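**Q** Fold the following.
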Amino acid sequence: MTNSAIVAPAPARILPVIVLSQFAGTSLWFAGNAVLPELQASLGLKGEALGLLTSSVQLGFILGTLCFAFFSLADRVSPRLLFLLCSLLGALANVLLAGATSITGVLLLRGLTGFLLAGIYPVGMRIAASWYSGGLGKAIGYLVGALVLGTAFPYLLRGLGASLPWQTMLLAISILAAAGGLAMYLLVPNGPYMGKGARFEVGNMLRVFRVGELRAAALGYFGHMWELYTLWAFVPVILAYAYPEWAPGQLSVFSFLVIAAGAVGCVAGGYLSQRWGSGRVAFVQLLLSGLCCVASVWVLQLPQLLLPFLLFWGVVVAGDSPQFSALTARAAPPQLVGTALTVVTSIGFAITIISIQLTGYLLTVMPLRGVFILLAVGPLLGLLSMRPLLRAK
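**A** As a prediction, this is how the structure comes out:
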């Protein structure tokens, strides 16, 4: 197919199926966090278990994305098949968590889940990029919005089903993830913009960074990632600090709302990108989330303002992510779109481990209200790197 070829619009079912499958698969991400109190009670885990549990998933995801990028799997193997296999195996790893008997077993299973998520999140974006070209920012806005909802979903399940055994919750999440993988494989064929697969070359991972706009998008994304998952991981801690009278179920429900608010930013940003361009939308949202980091010093001392503040922060902290992915996909060589998305995502998640562990340590030596302003470093550096993108549509 040549660039001048006329491509029929994607069937109406394609985007909803991709979105729902992405939501289902990424519900595995924080499944361990949502049942952390039960895991702590069952295995005698200490307070730092939250940081360890979250970082083990992130580390597994990094190893998975590096492996997939090194072998260019997302460009050499059917993305639908890759998505299916990783969804099924991720669901199995999540179920096995209920039978873990040690912290080592828990961390290994969460790390394996993270590894398999590398075949769900960036591969889902690869599948979307094969169907949508001009409207990629809008399509990926929905897709990352689904990831945000999937990430938050275990907290909602935990809050509404507080009386259910935690093992049952893990099983329900696993069934959802497996169903998402099957739906993607059976209902979404390869799209018309699926480039010819790349040959395996060691240099593929580095070749994608030769493009100036891709480097700018990647650096902006790295600044965004310094903030995003650290905020998400510690939302329950912030809420418990501000509202000590809340029951665990209430904390879980409001943790879901704060994280899930990011879906609004993702979808709204996708529509705005059609008028303003992905670069401008990402810049504004990253600027607003950086300002929230700074304002947290004061707002964390004002419980009456904290909840609306966190909901707004939740909207803008995630809303720039799909636009960074759209910019990366557009700037990458056509035969290396999957590799570019995967390697950029991998580096971004490596940054989250440093940020999460640093924040966890600082919470042991500083008052909570003074810790989250340090997250502003990421948005600041990202904004400085993004200036070339403000001209990009």
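
**Q** Summarise which helices and strands the helix ranked longest in the chain is packed against.
**A** If you go by DSSP state H, the chain has its longest helix at helix 212-242. Packing partners of helix 212-242 (3 or more CB pairs under 8 Å, 6 or more residues apart in numbering; DSSP states H and E): helix 49-70, helix 248-260, helix 278-299, helix 303-319, helix 321-331, helix 337-365, helix 377-385. Heads up, the C-betas are built off the backbone N, CA and C, glycines and all.

**Q** Would you mark the buried spots in that helix?
**A** 213-239, 241-242 (16 or more other CB atoms under 10 Å).

**Q** Ok, stretch 297-308 next?
**A** 299-300, 306.

**Q** Need phi/psi at the residue most central in space within the chain.
**A** In the chain, the centroid-proximal residue (CA atoms, centre = their mean) is residue 147; its distance is 5.8 Å. The phi and psi values for residue 147, taken as degrees, to the nearest 10, are phi -60, psi -40.

**Q** Residues in contact with stretch 13-25: which ones?
**A** 83, 86-87, 90, 117, 120-121, 124, 127-128, 131-132, 139, 142-143, 145-147, 149-150, 153, 176-177, 179-181, 183-184, 187-188, 191 (CB atoms under 8 Å, 6 or more residues apart in numbering).

**Q** looking at the helices and strands packed on helix 212-242, which is buried most?
**A** Among these, helix 321-331 has the highest mean neighbour count (mean count of other CB atoms under 10 Å), at a mean of 29.

**Q** other SSEs contacting that helix?
**A** helix 121-129, helix 136-160, helix 212-242, helix 262-276, helix 278-299, helix 337-365.

**Q** With mean pLDDT as added columns, please give the ones you listed in JSON lines.
**A** Shown next, in JSON lines, are the helices and strands packed on helix 321-331 (pLDDT from 0 to 100):
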{"stretch": "helix 121-129", "mean pLDDT": "82"}
{"stretch": "helix 136-160", "mean pLDDT": "83"}
{"stretch": "helix 212-242", "mean pLDDT": "92"}
{"stretch": "helix 262-276", "mean pLDDT": "91"}
{"stretch": "helix 278-299", "mean pLDDT": "95"}
{"stretch": "helix 337-365", "mean pLDDT": "86"}
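
**Q** Please convert those to a markdown table, extending it with distance to residue 44.
**A** Converted to a markdown table, the helices and strands packed on helix 321-331 look like this (distance: least, CB to CB, whole Å):
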| stretch | distance to residue 44 |
| --- | --- |
| helix 121-129 | 32 |
| helix 136-160 | 20 |
| helix 212-242 | 20 |
| helix 262-276 | 33 |
| helix 278-299 | 33 |
| helix 337-365 | 19 |
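
**Q** can you tell which of the ones you listed is closest to residue 32?
**A** Smallest distance to residue 32 across the helices and strands packed on helix 321-331 (CB to CB): 8.4 Å, for helix 136-160.

**Q** Can you name the element that comes right after that closest one?
**A** helix 166-187 (DSSP states H and E).

**Q** And that next one, what does it pack against?
**A** Under the contact definition 3+ CB pairs under 8 Å, 6+ apart, helix 166-187 sits against helix 14-26, helix 31-34, helix 79-96, helix 136-160.

**Q** Count the residues that sit near the spatially closest residue to residue 340 that is not a sequence neighbour.
**A** Sequence neighbours aside, residue 332 is the residue nearest to residue 340 in space, at 3.5 Å (criterion: CB to CB, 6 or more residues apart in numbering). Residues lying near residue 332 (other CB atoms under 10 Å) number 25.
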